[in-house]
Structures are given as structure tokens and as C-alpha cells.
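[1] My questions are about this predicted structure, shown below with the sequence.
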Amino acid sequence: MQQLVCVGRVNRAFGLKGHLRFFIEPAYLHRLKRPLIFFIAYRQTVLPFAVQEFSLQASGHGLMLLEGISNRAEAQQFVGRKLMVEASKLRKPPKPKGPASWVGFSVQDQKLGALGVLDDVLLFPHHPVGVLHVQGKEVLIPLHDDFIVQVSASTKKLKLRLPEGLLDCYLT
């Protein structure tokens, strides 16, 4: 059997035919491939279920009917259980765009030269902020359009024109 990934959970039984209300985590909403086969852990084993009926809202909540479940009592025993799918049956996650995709780029300042590697990008309402380590200290740099000189995805370099004295605040 392939590796199983938990994508959501069963919330409750619904109706007389054995429908299940469920929730899919936002990270997996657009990654599910059809036809769907869910795996549910039950009594020290994992049971596969093909999906007969399936409706999913943009919020991640939905309603489904699984093959082999024909009434509310049968559905009730799966309430609160994790919904899992085979990892190979998920679409690849979308690649990050914009500043989030710059993590791992080497950062250079026009005047100071190489500063280090961008460790993380924090997304704030006004503009993203880059996190890198310079001389062993964590430094936050604004990734605002006014400070970005060049972004090269092919060479993984980010060239900036940082405000005068910004690094001095962190390094002195």
C-alpha cells in the first residue's frame, strides 16, 4: 500500500442513506484527484472506500456517500475519524509565486555586496519582509519594490538597494 496522507476528517452522519458530512483541510482542497478513494482508520485497520456521491464547498466542508455504507447507523461509526488518501493520488502543490518563491536565493546589496541566503519570507499587509542571517544574527529586510533592484530566478539571486543604516541596527 502507498503512503497515506490525512486530508481531513468525518464530522457527522447525515440523512437516512448513510451520507457523511466531512471537512477537507484547505491545503488539500484543490489537490484531490477523481475518482476518489478515501481510507478511514477503523478498529486497528485502515478501510478503503470508493466514493458514490461527493459534493465539496469552497470552505472545505462537504457531503459524501461511500460505497458499502447504506444507512445512518453504519455511517455513525466513522464520525470523528480521519479521511486519508494515497499520496500518489494527490496533485502536486502549486509552486509559490512572488516573494515566497525567493526563499533560498542569495541576497546582495548594491553597496555592501553579498549578505547571505534568504531563509524565510514573512507576508505582511504592506509588503513582504525577508529573513536572513548576517554575521550570525537574524536580520529582517523589507522586500518592497523600492528596494528591489533585480530578481534572477535562473541564478537564484536577489539584488537589493537597502536603506542606509538598516543593517547597522542589527549588527552593532
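    Everything's here; your move.

[2] Neighbours of Leu166, how many?
    Leu166 has 17 neighbours, counted by other Cβ atoms under 10 Å. Every residue, glycine included, has its C-beta placed from N, CA and C.

[3] Which strand or helix spans the spatially closest residue to it that is not a sequence neighbour?
    Closest residue in space to Leu166, ignoring its immediate chain neighbours: Ile141 at 6.9 Å, by Cβ to Cβ, 6 or more residues apart in numbering. Assigned by DSSP states H and E, Ile141 belongs to strand 137-142.

[4] same deal with Phe38?
    Taking DSSP H and E as the definition, Phe38 sits inside strand 37-42.

[5] Pull the distance from that strand to the chain's centre.
    Taking Cα atoms, centre = their mean, to the nearest Å, one finds strand 37-42 lying 22 Å from the centre of the chain it belongs to.

[6] So the residue nearest to the spatial centre of the chain, which state does it fall into?
    With distances taken as Cα atoms, centre = their mean, Ala27 lies nearest the centre of the chain, 4.5 Å away. Following DSSP: H, G, I helix; E, B strand; the rest coil, the label given to Ala27 is helix.

[7] And for Arg34?
    Following three-state DSSP, Arg34 is assigned to coil.

[8] try Val51
    Val51 ends up strand, using three-state DSSP.

[9] now the helices: where do they sit in this protein?
    Along the chain, the segments classed as helices by DSSP state H run 72-76, 166-171.

[10] Just grab the bridge partners of the residue nearest to Leu166 for me.
    Assessed by DSSP bridges, Ile141 has beta-bridge partners Gly130.

[11] How much space separates it from Ala50?
    For Ile141, the distance to Ala50 equals 51 Å [Cβ to Cβ, to the nearest Å].

[12] any idea how far Glu138 is from Asp120?
    From Asp120 across to Glu138, the span is 10 Å (Cβ to Cβ).

[13] Gln77 too?
    Distance of Gln77 to Glu138, given as Cβ to Cβ: 50 Å.

[14] Please say which of these two ends up with more neighbours.
    With neighbours defined as other Cβ under 10 Å, Gln77 and Glu138 compare such that Gln77 has more, 14 against 11.

[15] circling back: and Ile141 and Ala50? Which one has more around it.
    Higher neighbour count among Ile141 and Ala50: Ile141, with 23 against 11, using other Cβ under 10 Å.
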